[in-house]
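A.B. asks: Here's my sequence, what's the structure:
(4 chains)
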Protein chains: 2
Amino acid sequence: MKVEAKLNPSRDDIVDLFSKGLSTEAIVTIFAHCRVFYDGRAKSELGPGDRVIIIKPDGSFLIHQKEKREPVNWQPPGSSVSLDVREDKLILRSVRRKPKEILEVELIDVYLFSYFQAEDYEALALVGSEAEMADLVFKNPELIEEGFKPISKEKSIRHGIVDLLGKDKDGNIVILEFKRRRADLHAVSQLKRYVETMREEYEKVRGILVAPSLTSGARKLLKKEGLEFKKLNPPKQEKSRKGRQKTLFD
Amino acid sequence: MKVEAKLNPSRDDIVDLFSKGLSTEAIVTIFAHCRVFYDGRAKSELGPGDRVIIIKPDGSFLIHQKEKREPVNWQPPGSSVSLDVREDKLILRSVRRKPKEILEVELIDVYLFSYFQAEDYEALALVGSEAEMADLVFKNPELIEEGFKPISKEKSIRHGIVDLLGKDKDGNIVILEFKRRRADLHAVSQLKRYVETMREEYEKVRGILVAPSLTSGARKLLKKEGLEFKKLNPPKQEKSRKGRQKTLFD
DNA sequence: TATTTAATGTCGGAC
DNA sequence: GTCCGACGTTAAATA
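C.D. replies: Residues are numbered from 1 along each chain as shown, chains lettered A, B, ... in the order given. Model (predicted):
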């Protein structure tokens, strides 16, 4: 059976369904009144309340409250889960080895216990990333300025990795840092680090922040540091089909 | 009824339960074979497969595959969801206003439709954050060095916000940047930005990166820039109970 | 609202 | 395994 669900399960039901869900590599989903304890990189406690608990076959463990996109507590993939009875309490326990982290959920009341043997062979196809901005500029250098010549992408230098390294028409080294969204102070500091590193070896080094826009603070710092800005939006078109003609839908 | 769940629901069941779940501020959870389309800051497509879909009463919308901690697609809190029939297809649609983003889930096959009127008045109590490191040092300045005098926390300066500003025993300005985990190149660049900004106004300015450890690259850059490192772990003790005496369990 | 930064960030890629 | 940086980052605090 691909899916099983039990409303107001008994303790035996829970133990049985948990075991079945785990052994069949299913996604286990529980609606429960529970308490949560976490200790690891940080430490937390969450008092009694109703939450949705999800345990994935890869060890991912999520506890969701009724608000926010983020789980209130979690364990990443690779963690090991078990269901124990302690002092007459039902406890879900997930352990991560490195770093050592423990998540414990005391199941006070379980309203629904379900599992889902999900079959999924699809991966997300996404366009509009920063890497695609760099690709776009590598193929169309004139988007930056006339005479710009790209040299290398993802170039590792002493203190970091430069998105795109090139030369301008006067032979100066040009460092490009791409941001797919509005660039902030952090982005300027990053670019500045690359520029300063390259200036140790080259005479004239320019730094250009390539992004759809700048925050006010970023603009000020960029100017003060003598760095430049080039407006560019991340591309969201389909990738070209290896030379095939574009269709009406492209 | 706090929880309702229907296995292999009919189209009418789905429409009915969706409406009931939405109107009662419940968390709606769906096990389904589906396709997903997203367009907004980026653009993505996900072919047919089995996923767990969660819709929260605050508008958060999560689509989980059977692996990873992160949802494969989502919509953040504040989004508006609807269930439409289009060309005989059942489509869950979530719209975010700003930035404009649209998420569409084509429900090809629904295995389980459930909702949960979760009651939850608890907030997470977490210790071990970066802010607590700063608090700790503010109260125990000798943890940094003999003679250190904290002046202000979260001090806004021209290009950013300094975690902790103080003076050393010689009267020099000291800027502390805290990291709750191993500090990297970014952390050094951040500290450097603050130090350089303060040096425009003050004669002698020291910068100290306070963290449990440093990456190798961070150590090199820190040294080259004449900045300092002070090892400190984020505190994970209970917060003091408003001056009450500590108990045996503290 | 825009800005800035933390996060138990997570994730992937390069070395 | 460590290091480095992106992310449709999300979320909180602040101006």
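A.B. asks: Given the longest strand anywhere in chain A, what are its sheet partners and their directions?
C.D. replies: Across chain A, the strand with the greatest residue count (assigned by DSSP state E) is strand A:101-116. Using DSSP bridges, the strands paired with strand A:101-116 in its sheet are strand A:3-7 (antiparallel), strand A:27-39 (antiparallel), strand A:89-96 (antiparallel).
A.B. asks: what's the spacing between the second one and its chain's center?
C.D. replies: Between the mean C-alpha location of strand A:27-39 and the chain-wide mean there is a distance of 23 Å, by Cα atoms, centre = their mean, to the nearest Å.
A.B. asks: need the contact list for the residue in chain A positioned nearest to DNA strand D.
C.D. replies: Going by Cβ to the nearest atom of the strand, DNA strand D is nearest to A:G160 of chain A, at 2.5 Å. Backbone N, C-alpha and C define where each C-beta goes, glycine included. Listed by Cβ atoms under 8 Å, 6 or more residues apart in numbering or on different chains, the contact set of A:G160 reads A:Q190, A:R193, A:Y194, A:T197, B:L185, B:G217.
A.B. asks: Top of these by number of neighbours, please.
C.D. replies: Counting neighbours by other Cβ atoms under 10 Å in any protein chain shown, A:R193 leads the contacts of A:G160 with 26 neighbours.
A.B. asks: Mind jotting down where the strands sit in chain A?
C.D. replies: Under DSSP E, chain A gives strands at A:3-7, A:27-39, A:43-55, A:61-64, A:73-75, A:80-86, A:89-96, A:101-116, A:125-127, A:149-157, A:160-167, A:173-178, A:205-211, A:228-231.
A.B. asks: Just send those back as JSON lines, with distance to DNA strand C and mean pLDDT too.
C.D. replies: Converted to JSON lines, those look like this (distance: least, Cβ to the nearest atom of the strand, whole Å; pLDDT from 0 to 100):
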{"stretch": "strand A:3-7", "distance to DNA strand C": "24", "mean pLDDT": "98"}
{"stretch": "strand A:27-39", "distance to DNA strand C": "4", "mean pLDDT": "98"}
{"stretch": "strand A:43-55", "distance to DNA strand C": "5", "mean pLDDT": "98"}
{"stretch": "strand A:61-64", "distance to DNA strand C": "8", "mean pLDDT": "99"}
{"stretch": "strand A:73-75", "distance to DNA strand C": "4", "mean pLDDT": "98"}
{"stretch": "strand A:80-86", "distance to DNA strand C": "14", "mean pLDDT": "96"}
{"stretch": "strand A:89-96", "distance to DNA strand C": "8", "mean pLDDT": "98"}
{"stretch": "strand A:101-116", "distance to DNA strand C": "5", "mean pLDDT": "98"}
{"stretch": "strand A:125-127", "distance to DNA strand C": "11", "mean pLDDT": "97"}
{"stretch": "strand A:149-157", "distance to DNA strand C": "6", "mean pLDDT": "97"}
{"stretch": "strand A:160-167", "distance to DNA strand C": "8", "mean pLDDT": "98"}
{"stretch": "strand A:173-178", "distance to DNA strand C": "15", "mean pLDDT": "98"}
{"stretch": "strand A:205-211", "distance to DNA strand C": "12", "mean pLDDT": "98"}
{"stretch": "strand A:228-231", "distance to DNA strand C": "13", "mean pLDDT": "98"}
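A.B. asks: Which of those strands sits closest to B:L7?
C.D. replies: Taking Cβ to Cβ, strand A:3-7 is the member of those nearest to B:L7, at 6.1 Å.
A.B. asks: Give me the angle between the closest one and strand B:43-55.
C.D. replies: Angle, strand A:3-7 to strand B:43-55, by axes from the mean of the first three to the mean of the last three Cα atoms, to 10 degrees: 30 degrees.
A.B. asks: Please state the offset of strand A:3-7 from the chain centre?
C.D. replies: Using Cα atoms, centre = their mean, the offset of strand A:3-7 from its chain centre is 32 Å.
A.B. asks: repeat for stretch A:91-101
C.D. replies: 21 Å.
A.B. asks: Next: stretch A:60-67.
C.D. replies: Put simply, stretch A:60-67 sits 17 Å off its chain's centre (Cα atoms, centre = their mean).
A.B. asks: Can you name the residue of chain A nearest to DNA strand C?
C.D. replies: Taking Cβ to the nearest atom of the strand, DNA strand C has its nearest neighbour within chain A at A:G217, 1.8 Å off.
A.B. asks: what's the closest non-adjacent residue to that residue?
C.D. replies: Nearest non-adjacent residue to A:G217, counting by Cβ to Cβ, 6 or more residues apart in numbering or on different chains: A:L185, 5.2 Å away.
A.B. asks: same question, A:S80
C.D. replies: Nearest one to A:S80, counting by Cβ to Cβ, 6+ apart, is A:V95 at 5.2 Å.
A.B. asks: you'd agree the one you found is up against A:S79?
C.D. replies: Yes: A:V95 is within contact range of A:S79, at 6.2 Å (criterion: Cβ atoms under 8 Å).
A.B. asks: In terms of packing, which of those two has more residues around it?
C.D. replies: With neighbours defined as other Cβ under 10 Å, A:V95 and A:S79 compare such that A:S79 has more, 22 against 17.
A.B. asks: so the more buried one touches A:S60, yeah?
C.D. replies: Yes: using Cβ under 8 Å, A:S79 makes contact with A:S60 at a distance of 7.3 Å.
A.B. asks: The residue lying closest to A:S156 once chain neighbours are set aside: how many residues sit nearby?
C.D. replies: In space, not counting the residues next to it along the chain, A:S156 is nearest to A:V162; the distance is 7.9 Å by Cβ to Cβ, 6+ apart. Neighbour count for A:V162, taken as other Cβ under 10 Å: 24.
A.B. asks: now the one 3 residues further on
C.D. replies: A:L165 has 19 neighbours, counted by other Cβ under 10 Å.
A.B. asks: what do you get for the one 5 residues further on?
C.D. replies: Under the neighbour criterion other Cβ under 10 Å, A:D170 is assigned a count of 9.
A.B. asks: A:E4 now?
C.D. replies: Neighbour tally, A:E4, other Cβ under 10 Å: 19.
A.B. asks: Quick one: residues contacting it.
C.D. replies: Neighbours of A:E4 in contact, by Cβ under 8 Å, 6+ apart: A:L17, A:K20, A:G21, A:S114, A:Y115.
A.B. asks: and of those, the nearest to chain B?
C.D. replies: For the contacts of A:E4, the residue nearest chain B by Cβ to the nearest Cβ is A:S114; the value is 6.3 Å.
A.B. asks: For the closest residue to the closest one other than its chain neighbours, give me its contacts.
C.D. replies: Counting by Cβ to Cβ, 6+ apart, A:S114 lies nearest to A:A5, which is 3.8 Å off, once chain neighbours are set aside. Neighbouring residues of A:A5 by Cβ under 8 Å, 6+ apart: A:L112, A:F113, A:S114, B:A5, B:L7, B:L112, B:S114.
A.B. asks: 7 Å instead, please
C.D. replies: Each residue near A:A5 by Cβ atoms under 7 Å, 6 or more residues apart in numbering or on different chains is listed here: A:L112, A:S114, B:A5, B:L7, B:L112.
A.B. asks: most surrounded residue in the residues you listed?
C.D. replies: When neighbours are counted by other Cβ under 10 Å, A:S114 leads the contacts of A:A5 with 26 neighbours.
A.B. asks: So what angle separates the directions of the longest helix anywhere in chain A and helix B:185-199?
C.D. replies: Taking DSSP state H as the criterion, chain A has its longest helix at helix A:185-199. Interaxial angle of helix A:185-199 relative to helix B:185-199 (the same axes, to 10 degrees): 90 degrees.
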